[in-house]
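Asker: heads up, no residue letters with this:
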């Protein structure tokens, strides 16, 4: 985390593994760490969240929160828990990281997979952002900082260059229409959020973390980037963002990507 990233509170969805877990781990490891790191996942009591619970036990600022991004009642309960912990303060940084992919080609793609992936990758970030908007607004209003930043109030949507209509990244490695279409839609959602929340001075960005070595999509061996490097660079990029970046699509190093 660069010196410029100093939010009092951060919430990360899908934080039990991969990029989400590493975001929580690196945020908690910094000397200037946030007062609150809300690490959310669908099933905090399940075997897949054990590593996250172990991390939380070592860091008092890490609060594990149950949150299924496809379930409005689960989101509502998570907002209540976060609001209670914040004791009247706002939420500075929301990172919509939870996402899924279903292996497919254009010929094998199914309506069920298409709908399920859209539900998690697009509708999820939309309704999570709606639910936490009052807390993000509060953080923005109460901040003495001028302009926009990820330390003041921001929504970061973790996207993918696979959703770039210009680049159609890694087509030969996997057609995955469900994932590509969902990320293109998430990029549009981010643009809409950046316009809709501009007056609130909430910075909205969509970010491609790189092709990272995680268990998502079964391409771990081919991926050139480690999770550690991707997240370190991503946090460094978030530290540098200003209002000029709101509504843009960038990669982990802060370079602009074509829609």
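Answerer: Happy to help now that I have it. What you see is a predicted model; the values in this text were computed from it and never measured.
Asker: can we go C-alpha only for contacts and neighbour counts from here?
Answerer: Fine.
Asker: Strands along the stretch 101-250 of the chain, start to end?
Answerer: Under the criterion DSSP state E, counting those that start in this stretch, strands of the stretch 101-250 of the chain are mapped to 154-158, 203-208, 249-251.
Asker: Is residue 166 in contact with residue 258, as I believe?
Answerer: Yes: counting by Cα atoms under 8 Å, residue 166 touches residue 258, with 6.2 Å between them.
Asker: would you list the strands of the stretch 101-250 of the chain in TSV and tack on mean neighbour count, mean pLDDT and distance to residue 98?
Answerer: Compiled in TSV, those are given as follows (neighbours: other Cα atoms under 10 Å; pLDDT from 0 to 100; distance: least, Cα to Cα, whole Å):
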stretch	mean neighbour count	mean pLDDT	distance to residue 98
strand 154-158	26	98	8
strand 203-208	28	98	13
strand 249-251	24	98	17
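Asker: quick one, which of these is nearest to residue 136?
Answerer: strand 154-158 (7.3 Å; Cα to Cα).
Asker: So, low pLDDT: which residues of the stretch 1-150 of the chain?
Answerer: When residues are selected by pLDDT under 70, those of the stretch 1-150 of the chain lie in 1-3.
Asker: any residues touching stretch 53-72, and which ones?
Answerer: Stretch 53-72 has contacts (Cα atoms under 8 Å, 6 or more residues apart in numbering) with 13, 24-25, 28, 34-44, 52, 74-75, 77-78, 81, 98, 119-120, 123-125, 127-128.
Asker: Ok, which of the strands of the stretch 101-250 of the chain comes nearest residue 115?
Answerer: strand 154-158 (19.0 Å).
Asker: Relative to the closest one, what are the paired strands and their orientations?
Answerer: Applying DSSP bridges, strand 154-158 is found paired with strand 93-96 (parallel), strand 203-208 (parallel).
Asker: Any idea which of those gets closest to residue 104?
Answerer: Nearest to residue 104 among the strands paired with strand 154-158 is strand 203-208 (20.9 Å), distances taken as Cα to Cα.
Asker: quick one: that closest one to chain centroid distance?
Answerer: The chain centroid and the centroid of strand 203-208 are separated by 9 Å under Cα atoms, centre = their mean, to the nearest Å.
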